[in-house]
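A.B. asks: Please find the sequence and the predicted model below.
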Amino acid sequence: MDPTSLDFQEALSLITEGTSVESSIYVPLLQECIERNSVSEAQVIHGHIVKIGTHEDLFLMTFLVNVYAKCEAMENARKLAFRVFIEMLEVGAYPTNYTLGVVLNACCLMYAIGLGKQIHSCIVKYDIEYDTSVGNALGSLYSNCGNLNSAVKAFLKIREKNVISWTTVISSCGDNRDSGMGLRFFGKMLSEGVGPNEFTLTSILSLCCVMQALSVGSQTIKTGFLSDVVVGTALVNMYNKCGSIERASKAFVEMSTRTLISWTSMITGFAQHGCLQQTLQLFEDMRLVGVRPNKITFVGVLSACSHAGMVDEALAYFEMMKNEHKIKPVMDHFACVIDIFVRLGCLDEAFEIIKKMDFEPNEFIWYTMIAGSRSHKNLELGFYAAELLLKLNPKNSETYVLLLNTYISAGRWQDVSRVRKLMKDEKIGKLKDWSWISIKDKVYSFKPDFQFRPQCEEADQLLADLIEKAKNHGYEPQGDLGVTDEQDEETTFSTIHHSEKLAVTFGLLNTSNAVPIHVIKSTSMCQDCHSFIKFVSILTAGEIIVRDSKRLHKFVSGCCSCGDFGSLLQLFLELNW
DNA sequence: GTAGGGTTAG
């Protein structure tokens, strides 16, 4: 009988009956265990391998380590992976490079950095850091644990770097927020004559999202692999994140197959761009073709409702998610619903939801509550939320700016002094307000009041002109308020030279009006910049996209995709403390 | 036949 012609269950029962089978049957069976996420079946096969004495087969045992490492069904499965490795050592096997790679990958999946480092020392001792599979596995271990430096070091030590080595280091850069370095590695890879594959391209598209490097992404994709569903989804996602909803829809429509993730990417894209109707329509289309939404899809749908202020719709989708799709709401879903109530000024309803939730609210929920309390003049609730936020997030400069703004605008100087003292004690630094603009794939960075900018005089003149013109259209600058507290510490707000104003002005000088301006910002936008850029989008009749630390703002004809409520923005961002 | 890819608002 040819064992490979058996189906999984038949083959498994042969093994349990103790029938002798050829060792070639184990690999496809174990492979199927990974797909079925079935630890118990893998254990049956494992037992059999040991029983008939095949356990000295290095390849087979290495594969078994891999199976246990990849099964997430049982908490102990991954511990089994290490036990098999130790058993291998105990029978006197000398681990091959592949074995070490697999074990490192198990460490990576379990975030077992300590154990990974021990194995790394063995690798150094054996002097095999140069080996391709060992180096690649080391690279992904360090990358997964957030240590980009060590990941790059591991990559550089590989003697014969293959496409997987390059892809690993490029995606490490993306995962660890150094897109610039990722793109440089990509350039180096091409110059060394290594051709990218669909895996590399997906990682590159993801880097381009962060960099707003639309044209790098568009050019990259000409290399091919468009038929790959993951590449297609990454492309849709890149266009969305770079603010081009039109190109994203085009890429989405042109895909030959779509997975749940593809649908969810496009739904989320419409939501971020403030297109409620398209979001809901696409959600319906998805259901009609029989793809079941998951919790992330519902985050997209609910956030679209929140941008549009549609509370009844949001609650209906919330119920649909629970009842029809049996998805248990998580914090993200509650946060969307709370956000809608806050935007509409229904703070009590929002607070009721917080009280009824099964979990402790996270910092974003308190952030929303504080901003809403401030704009809807419910100071006590605002202070309450602010103190809770401080407890949750005591190291973040933005939290303190929010708190100080709240207390200063209420004239509560005792609290202002207390917060200032806390900041000193906690060694909280000044907010790092930076903006970047990408023009013809070159990235220019700006910080507030930066004196040595390119085209400084020209840009300042243009900014002054724009402010004047915007004022004629009804713009009321909110910066430059002098506030004196009881300790006579002069606190001034200067929003005129916030980094995004400088970046947008520089963009206007250096791009044609037909091209949208893309700015990325390190903190969240302040109310003044938000309002100013709305006027600029009227004055220039162009599109301006600012991706700040909290959300995407696409300004067209005086409106912003974030819902234009304005109430959930920082009052001012800069304080001289 | 062991290593690398895509979705989460606020």
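C.D. replies: Noted; the coordinates are in hand.
A.B. asks: Not counting sequence-adjacent ones, nearest residue to the spatially most central residue of chain A?
C.D. replies: Centroid-nearest residue in chain A, with CA atoms, centre = their mean: A:D175, separated by 8.4 Å. Distance criterion CB to CB, 6 or more residues apart in numbering; nearest residue to A:D175, sequence neighbours excluded, is A:S143 at 5.9 Å. All C-beta atoms are positioned from the backbone trio N, CA, C, and that covers glycine.
A.B. asks: so how far is A:F199 from that neighbour?
C.D. replies: 14 Å (CB to CB, to the nearest Å).
A.B. asks: Between these two, which is the more surrounded one?
C.D. replies: A:S143 (24 against 19; other CB atoms under 10 Å).
A.B. asks: Does anything pack onto the host helix or strand of that one? Which helices or strands?
C.D. replies: For A:S143, the host element (DSSP states H and E) is helix A:132-144. Under the contact criterion of 3 or more CB pairs under 8 Å, 6 or more residues apart in numbering; DSSP states H and E, helix A:132-144 touches helix A:97-110, helix A:113-126, helix A:148-157, helix A:163-175.
A.B. asks: Buried residues of the second one, list them for me.
C.D. replies: Taking 16 or more other CB atoms under 10 Å as the basis for neighbour counts, the residues of helix A:113-126 that come out buried are A:I113, A:G116, A:I119, A:H120, A:I123.
A.B. asks: I figured the first one was touching A:C145, is that so?
C.D. replies: If I follow you right, that is A:I113. Yes - here A:I113 reaches A:C145: they are 4.6 Å apart, a contact under CB atoms under 8 Å.
A.B. asks: And the helices in the stretch 251-400 of chain A, which stretches?
C.D. replies: A:260-272, A:276-288, A:295-308, A:311-323, A:331-343, A:347-356, A:363-375, A:379-392, A:397-409 (DSSP state H, counting those that start in this stretch).
A.B. asks: a markdown table please, covering the ones you listed and showing mean neighbour count, mean pLDDT and distance to A:N237.
C.D. replies: Output for the helices of the stretch 251-400 of chain A, formatted as a markdown table (neighbours: other CB atoms under 10 Å; pLDDT from 0 to 100; distance: least, CB to CB, whole Å):
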| stretch | mean neighbour count | mean pLDDT | distance to A:N237 |
| --- | --- | --- | --- |
| helix A:260-272 | 24 | 96 | 5 |
| helix A:276-288 | 17 | 96 | 14 |
| helix A:295-308 | 24 | 95 | 12 |
| helix A:311-323 | 16 | 96 | 22 |
| helix A:331-343 | 23 | 94 | 18 |
| helix A:347-356 | 15 | 93 | 30 |
| helix A:363-375 | 23 | 87 | 22 |
| helix A:379-392 | 18 | 88 | 30 |
| helix A:397-409 | 21 | 81 | 26 |
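A.B. asks: Which one, of those helices, ends up nearest to A:V515?
C.D. replies: helix A:260-272 (19.9 Å; CB to CB).
A.B. asks: I figured A:F283 hits A:V301, correct?
C.D. replies: Yes - contact criterion CB under 8 Å: A:F283 and A:V301 qualify, at 5.5 Å.
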